[in-house]
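**Student:** predicted coordinates and the sequence they were generated for:
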Amino acid sequence: MSTRRKLLKRALLRAFAVIALVWVIACCALYQVMRQPPETFARFIAKIPGPVPFLLFPFETLWTHARAGGLQVGDPAPDFSLTKLDKSAPVQLSSLTSQGRPVVLIFGSYT
């Protein structure tokens, strides 16, 4: 009986180790996908059913670290392009900053 119990403990420990290893690998893979452009991440996450990533992985922590960026106070903003609200044309940040005037960016709702 004692030998049987030891074998069971060893099998359970191995199973737990395999599950933990698979979880760590999945966390690393999810982190790497989060570091990709948003379109790539969206295609990947759309294929995962329901709340699985939010329940099984530290999603918010991984997201915060993956998307943190490296800008410091005083660094110039990276160039980007956005479509105007009326969808008439795109506006690129570099075209506004090249005019020598300050540019103020407001993200969010002001209503």
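**Tutor:** Nice, I can see it.
**Student:** looking only at pLDDT, what's the mean for stretch 8-23?
**Tutor:** In this model, stretch 8-23 has a mean pLDDT of 96.
**Student:** any idea how far Leu82 is from the residue positioned nearest the centre of the chain?
**Tutor:** The geometric centre of the chain, computed from its C-alpha atoms, lies nearest to Met34 (C-alpha atoms, centre = their mean), at 3.1 Å. Relative to Leu82, Met34 is positioned 22 Å away (C-beta to C-beta, to the nearest Å). No exception for glycine: its C-beta is placed from N, CA and C like everyone else's.
**Student:** hmm, who's touching stretch 37-45?
**Tutor:** Val33, Met34, Gln36, Pro53 (C-beta atoms under 8 Å, 6 or more residues apart in numbering).
**Student:** so which helix or strand takes in Leu82?
**Tutor:** Leu82 belongs to strand 81-83 when assigned by DSSP states H and E.
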